[in-house]
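S.K.: pasting the structure only:
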């Protein structure tokens, strides 16, 4: 309100009181625009935060392309904070809270590989070659991130 009040007082002292409603309207418009921009930026921030949960800690290039440097920096800080928090949970090895976004019906699922991905190691040390169109029966929690990234798809029979 400081600038608006200054302009109103200036208009009064110069005998141009008829400008006061225009000054007040302009001021209200500026405040409204400020609120809109703040709401837009906050919404973008929430969407960027959701990307970490959807894609994991590495964003696809087509998503990064639509983000400015400050947004990429914020994403990087958020993923570091989240990783630090997850390391503090569940004892020595931490707990990945980004897995099992929905309660699993079974611990193993059948998946089909949508693109060549290379070698993939599961808990027991077995290495599986994920080649396009190959199908595998794997632990759900090891597959979820690859499913979200579009490497695998859940085969529902």
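M.R.: Now that the structure is in, tell me what you want to look at. Given the structure is predicted, the values throughout are model-derived calculations rather than measurements.
S.K.: Just the buried residues of the lowest-mean-pLDDT helix or strand in the chain, please?
M.R.: When the helices and strands of the chain are compared on mean pLDDT, DSSP states H and E, helix 2-13 comes out lowest with a mean of 76. Using 16 or more other CB atoms under 10 Å as the test for burial, helix 2-13 gives 4, 7-8, 11. The way it works is simple: take the backbone N, C-alpha and C, and place the C-beta from them, glycine included.
S.K.: ditto for stretch 106-114
M.R.: 109, 111, 113-114.
S.K.: Endpoint to endpoint, stretch 122-135 covers what distance?
M.R.: Criterion CA to CA, to the nearest Å; first-to-last residue distance in stretch 122-135 is 15 Å.
S.K.: Quick check: mean pLDDT of it?
M.R.: Mean pLDDT, stretch 122-135: 88.
S.K.: and it, which residues are buried?
M.R.: 128, 130.
S.K.: now it, how far from the centre of its chain.
M.R.: 28 Å (CA atoms, centre = their mean, to the nearest Å).
S.K.: shift numbering so it begins at 399
M.R.: Taking 399 as the first residue, the last one we looked at is stretch 520-533.
S.K.: for the chain, what spans make up the helices?
M.R.: Using DSSP state H, the helices of the chain run over residues 400-411, 418-453, 459-462, 467-485, 538-546.
S.K.: relative to helix 418-453, how tilted is the first one?
M.R.: Compare the direction of helix 400-411 with that of helix 418-453 by axes from the mean of the first three to the mean of the last three CA atoms, to 10 degrees and you get 170 degrees.
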